[in-house]
Every structure is written in C-alpha cells, then in structure tokens.
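Asker: Build me a model:
(2 chains)
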Amino acid sequence: MVAQVQKTPLPSNDRRWRIVDATMRRHGYEGNALIEALHTLQESFGYLDEIGLKYVAYSLKLPLSKVYGVATFYHFFTLKPQGEHSCVVCMGTACYIKGAPQLVEAIGREYDVKPGHTTADNKLSVLTARCVGSCGLAPAVVFDGEVVGRLDKSDTLKRIGELLQTQRVGKEADHDR
Amino acid sequence: MTAEELQKVAAIEQESQEQFDHRIHVCMAAGCLSNRADQVKDQLEKEITASGLERRCMVKGVGCMGLCAAGPLVSVQPKGTMYQEVKPADAPEIVASLDKKKPVERLECDVKMPFFARQQKIVLENCGNIDPERIEEYIAAGGYEGLLKVLSEMSPAEVVEQVTRSGLRGRGGAGFPTGLKWSTVAKAQSRTGTKYVICNADEGDPGAFMDRSVLESDPHRVLEGMAIAAYAVGATQGYLYVRAEYPLAVKRLKQAIKQADRLALLGHNIFGTPFSFNVDIRLGAGAFVCGEETALIASIEGKRGQPRPRPPFPAESGLWGCPTLINNVETFANIAPILRNGGDWFAGIGTEKSKGTKVFALAGRVRNTGLIEVPMGMSLREIIMEIGGGIPDGRSFKAVQTGGPSGGCIPEQFLDMPVDYESLMKVGSIMGSGGMIVMDDTSSMIDVARFFMEFCMSESCGKCVPCRVGTAQMHNVLEKLIAGKATADDLAMLKELCDMVKSTSLCGLGQTAPNPVLSTLRYFGDEYESLIRDDDPEGRHADAVGAGHGETQEVRS
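Answerer: Here you go, the predicted model:
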C-alpha cells in the first residue's frame, strides 16, 4: 500500500488521536470511513467535539458540513460531553409495556434530569435507548454499560445510588442517542 | 483447508468433548449474562477443580437457550438436565449432583414443557449447544459442510436453484422470495466485475432480539450462509452491518471472522477452489431507517442513512453502484442447512406459501419470555398460550403486536390464525423480523399506537415530506386523543393521514408507519371513540379537515 502523501497533523499530543488516526488509516483515509472514524472518536473521547469533527473532516477530505450532518443524523453519536456515570433506560416495546416510562419519570424526579441530559453536577447522564435487545428481561436499564433487567422504580433508584458512589474506571461505555 | 482437514477438525473436537462424562453448558448470551451467568460459570469451574473432577467434567459457555425469563440457564449434558435461575452459590450443589441419579430438584427446569417440546429448531439448532467463541465446535456440529458441498459439488446456478426450491423468503419482514433475489443478483452484470453480499444485522425493531441471539450464539452460521450466497451470485466481498448497540454480537463476529480467516474458510481459494470471499464488519449508529436496504447501503458508504427511490434495485445497482445482495441475519442462518439437506427438505416444513421455521422473540405480558423457533403455520394461540405459557398475574389476553413499528396489533378473535406471511398481512399486520409483544387488558391500545408513532416520527430520516411531516401530525393527534382534547374531526383527520402517509412515502418506513394506528383503529375503534370529546365547541365538521387545520393543532398541543 502506498502511504498517504499528506497527513493531517494530530490536533494535540493526546494519545487518543492516534487511535482515531489508526482507524482512518486502516480504511486508506477514504471518505466512506466516516462512520467508522466517528465511532472510534466517540469511543476514545466519550463524545464528538468540534476539534474532533474537524480533524476527521480534514483527514478524510470531506466537507465539515457532511461530517456534521452524519454525526447528527445517527442517534448513537453525541455532541455533548457525558456525565461521569450513565444510565440508559431501554424504551423498546417490551420495556415500554412493562413500565419503562415510569422508571424514566422516577429518575427524573429524584435527580432533576430529563432523558438525554446530564445532572448539573456532571455526575449522571440519563439516556433512553430504542431497544437494547434484552426484551426477555423487560424492563431493562443499562448502568455504565451493564444491562440489568426486571427492574422496578425502587430497584432502579437504588442502583443509581450505588452507581454514584463508585469511581468510574476505564473508558466510556456504549451509549445510545 | 481441505475436506479431509475439515473432517479432522470435527473429529478431534468431537473426541475431546466425548472424553468428559459431564458437560455443563452455561448460557452466555446477553440476557443471562446480565443475570450474572459469567459468575455462575466461574463458580462451577472452581467447584469442579475443588472436587477434583476436572478430567471428567467440563464447563463451557454456550449461546442462548431461549428461556430468557428464567435465566441464568445451565444445562448438564449428556443427561439433558436443565437448571433455571442458577446463582453462583448453587454451584456446589450442582457439581455434587453430577454423579447421582437425581438432579437438583429445587433448580430444575422442565425440558418437556411446551416451551421446549413444541419448538422446531433449524436456525437455532446450535444455540445453547456450542461455544460461539470456538470455530471448532461449530465445525464439529456440521459447520462449513454446506460450504464445502457447494464449492466442491455444485455450480452457482445449482445453488440458486436449491434456494429457490426451498421456498425460503426473506426473514427481515417483507418476505421477498430469497431464491428470486439471488438469481437477480447472479444474472446482473457488474461494470467493474465486483459484486457485494451484505448481511443486514441492523435489528432496530424495538422488541425484537432474534438476530442478536443468532449473532451471539452461532456467528459462524451467518458467515457460512454469506459465503454460500457469495459463491451463488459471484461476489467476493461481504459486509456485515451490525448495530453498535450490540457490543457482544460485534465482539463475537469479529472473533468468528478471525477464526475463519485463520482456518482459510474465508479469504483466498477457499477449500482449494478459485472461490475467494472476505467479510468486513460495519457498525450501525442507531438509525432505524438503515434497516431499509438503500439506506443501509448509504450508511456503509459512510453517508447519512437515507433511502433512495427504487428502481434501480440494489440487485442491479447497490453498494458503490455494483450489484448487491442484501439479506437478513436469519435468512443467511437458514442457508447452510438448506444446502446441506437440500431445498426439498426445507420446503417440506411450514405452509404452502411460507416455508421453513421462524424465530420469534416472545416478550411483553407473557409468562415465558424468550426466543423460540416454530414451524410456519403454527397458530398464535399455540405460540402465546402454550409455548409462551399464557398471560401472568391472572390477567387476560388483549392483543399481540407483531412486526414492530411497521406491524399491527392482532386481537383475540384471530388467535387461531396460522402464523405465516399472508395471514398476518390479511389482518393488517406483518411478519416483520419476528418480534412478538403480548399485551394484556392493562395496556391501552392508543398508547401503544402513540408509542410506535413517536418512534416513526423520530426515526424518519426526513427525506420525503409525507413521512417527515405526516408522522409528526399523526403523533399530534394521538397525543391530543390521549389528553382527552380530540374531537371527531381529529379522528377523521387521523384516518386521512394514515392513508396519505401509507400511499405516498418514499420507503418502507413511511409506507408502513400508519399500520399500528390502522390496526388499532380497526380492532379497538371503541377505545378511540371513548376518548373523543362529545361536544364540538368550534362547530367544525369532518369535511373541514385540511392541512392548515393540522398546523393549528401543532401550535396548541
């Protein structure tokens, strides 16, 4: 494989940029690597910020408008930094029928946060998912990447309470929306 | 890899399995994992070492055993005992019972109950039996024999012929005949000589987890199906488009591709023939519309997942303008058994027009939630009341929703209807990918309709107006109904909108978006009527309904 002639310089010395670069390199810096690159970017940094979007746009020789368009089209990508912990309530049909909306409401009341937002102290992001595919265990909630099923309101709040006590280690887990 | 080598791998694996007197299978699919199945497995392993049984006893992680409601599930082979809701603390008791006649009764799960006995497994035949993380186990279970047979004995045209004879129809929902699709791609001329095979694993349909379970429990089956398809249509490159929300499925697929590459079951000159095939994974990013084939192609090309008008169909001009075959996970999972046993064998199962079996994800207000596979034509009553075990908490059955946001709610009067593509269509629903959500008398049908409409509204890609604006307007009316503010005019408008969105939308998402509303209107019309305000303060009539009307509603609601 012939090396790319002109390489976009990494935005900073942060090592995570190299991971993003590696993904794009594997696809020969082709424009069709955009979604893969955004996945890596979000996995590495937790969300997509302007610097990252610009870096990907330059590297893949795509207009920033297109990159922004794709980043906002797909629910999986988020342009907002996420809180220290995340709580994703599944709102798939089975979970909905079995009371997921009540869980969202209970969390909202307890922590004063709407789905898709992060608490003011930046501790907890509450998200909703289309379906995490754990319909057999409905209603299901994903706490920091860990799926827990058959929950009721008090279980959920207890779990979140425990979650907020722990120190988050490792990289950001998978988010929906 | 040659035929002899494949047999050797299978023989070695079978032998190494049989040297154990007891094989303990622990379900390691997502459902049981979230109930701590990994800890159960660890504890069982520790216990076996502690009792000095490691030469006679093995513990392995396997794929989905189906009854997710009772997870974590553990089965002991070759005795065939199954345990439910096993906790790590139960390990000593299970290990102690291995050499005794009696199993641990406290934990036993009856394998003779209809949930297990009434199923017929083709797609899920290996699920719960093999370790999805080891290719050797798949080969020992007859894996890649279908591919070997195809490459060594059959011409591409003969492969297409067998698939056509089998009567297999697309399992993604629409039920297009698979053989016809294959022959179209096989005949298509590619300007560059390249053709592609794509596996649609973007299971965005809420309430459905069949594809997830197949990918997590038996990933090689899908790869083998794709390779056979590639040979039949003349493709050399395949893509697996998987939801990023399924991290475990992605991990196991990546692993499976690596293993198949290592054994040269993918790559160049497979089984010493000129046939070459590579598979790459592409991650979806949470857009339901990407289940539509042209939108999926756009997404693989790195663009927004927006559908385009067809024709040209992907079979003629798909990925990067080349002829492209797109099939669903379950469709590909049926391919290897069809080629191994012949198309006529498959055609002998099911009904006249719907052949084979179908995997359903049974969820909602039903006792045995989980994954099942039944022959086409089984009645809804058998599926829900017998296999599903009926409705819990002394409640009564109200409706079953099939086909997700594109399907409809089927009321009690149709419970004895056979489940096949045509029958479901006749009552206003669709087969869909296989989600089956049971609702009891506590569920409000209008709330369900609103739920799906909210889904379609936010998942609409925004390209065509009927879908983008129409779904939002329909959602408004439903909100208004639920708030008790709607009049008879609103209901008339809702019906009109249904017709408009259905007839004029660009792709399947919009064309089927009104189905949940239409089917609930049809069978539960009285629920709608009961929510309508009696008085009509502004004195409007049904004929005054128009586009402008819709806008004023939006402002007010």
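
Asker: Against chain B, how distant is residue A:166?
Answerer: For residue A:166, the distance to chain B under the criterion C-beta to the nearest C-beta, to the nearest Å works out to 17 Å. Where you see a C-beta, it was placed from the backbone N, CA and C, and this is true even at glycine.

Asker: which phi and psi does that residue have?
Answerer: Residue A:166 has phi and psi values of phi -90, psi 150 when expressed as degrees, to the nearest 10.

Asker: per-residue confidence at it?
Answerer: If you check residue A:166, the pLDDT there is 84.

Asker: Report how many residues lie close to it.
Answerer: Residue crowding around residue A:166 was assessed by other C-beta atoms under 10 Å in any protein chain shown; the count is 10.

Asker: Which residues are in contact with the residue in the stretch 401-550 of chain B positioned nearest to chain A?
Answerer: Using C-beta to the nearest C-beta, the closest approach of the stretch 401-550 of chain B to chain A is made by residue B:437 at 4.8 Å. By C-beta atoms under 8 Å, 6 or more residues apart in numbering or on different chains, the residues touching residue B:437 are A:93-94, A:97, A:135, B:207, B:363-364, B:400-402.

Asker: Which ones among these lie within helices?
Answerer: Secondary structure assignment by DSSP state H places A:93-94, A:97 of those in helices.

Asker: so residue B:91 is in which element?
Answerer: Of the helices and strands defined by DSSP states H and E, residue B:91 is found in helix B:91-97.

Asker: What is the distance between the helix or strand following that helix and the centre of its chain?
Answerer: Using DSSP H and E, the helix or strand that follows helix B:91-97 in sequence is helix B:114-117. Using C-alpha atoms, centre = their mean, to the nearest Å, the mean C-alpha position of helix B:114-117 is found 20 Å from that of the whole chain.

Asker: Following element in sequence after helix B:114-117, please.
Answerer: With elements assigned by DSSP H and E, the helix or strand that comes after helix B:114-117 is helix B:135-140.

Asker: what sits up against that following helix?
Answerer: So helix B:135-140 is contacted by B:6, B:9-10, B:12-14, B:17, B:126, B:130-131, B:143-144, B:218, B:220-221, B:256, B:259-260, B:263, B:265 (C-beta under 8 Å, 6+ apart).

Asker: Mind telling me which residue of chain B is nearest chain A?
Answerer: For chain B, C-beta to the nearest C-beta, closest residue to chain A: residue B:68, 2.7 Å.

Asker: For the residue lying closest to that residue once chain neighbours are set aside, give me its contacts.
Answerer: Of all residues beyond its chain neighbours, the one nearest residue B:68 is residue A:136 (2.7 Å), with distances taken as C-beta to C-beta, 6 or more residues apart in numbering or on different chains. With contact set as C-beta under 8 Å, 6+ apart, residue A:136 has these partners: A:94, A:149, B:31, B:68-69, B:71, B:209, B:361-363, B:369-371.

Asker: how about a cut-off of 10 Å?
Answerer: Applying C-beta atoms under 10 Å, 6 or more residues apart in numbering or on different chains to residue A:136 gives the contacts A:94, A:149-150, B:29-32, B:64, B:66-71, B:209, B:213, B:361-363, B:368-371.

Asker: send the alpha carbons of the host helix or strand of residue B:454 over as PDB?
Answerer: Secondary-structure assignment from DSSP H and E places residue B:454 in helix B:445-459. C-alpha atoms of helix B:445-459 as PDB (Å, rounded to 0.1, in the frame of the first residue of the first chain):
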ATOM      1  CA  MET B 445     -54.000   0.400  22.500                       C
ATOM      2  CA  ILE B 446     -53.900   4.100  21.800                       C
ATOM      3  CA  ASP B 447     -50.900   4.400  24.000                       C
ATOM      4  CA  VAL B 448     -49.200   1.700  22.000                       C
ATOM      5  CA  ALA B 449     -50.100   3.400  18.800                       C
ATOM      6  CA  ARG B 450     -48.700   6.600  20.100                       C
ATOM      7  CA  PHE B 451     -45.500   4.800  21.200                       C
ATOM      8  CA  PHE B 452     -44.900   3.500  17.700                       C
ATOM      9  CA  MET B 453     -45.800   6.800  16.100                       C
ATOM     10  CA  GLU B 454     -43.400   8.600  18.300                       C
ATOM     11  CA  PHE B 455     -40.800   6.000  17.200                       C
ATOM     12  CA  CYS B 456     -41.500   6.500  13.500                       C
ATOM     13  CA  MET B 457     -41.600  10.300  13.900                       C
ATOM     14  CA  SER B 458     -38.200  10.500  15.400                       C
ATOM     15  CA  GLU B 459     -36.700   7.700  13.200                       C
END
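
Asker: No more questions from me, cheers.
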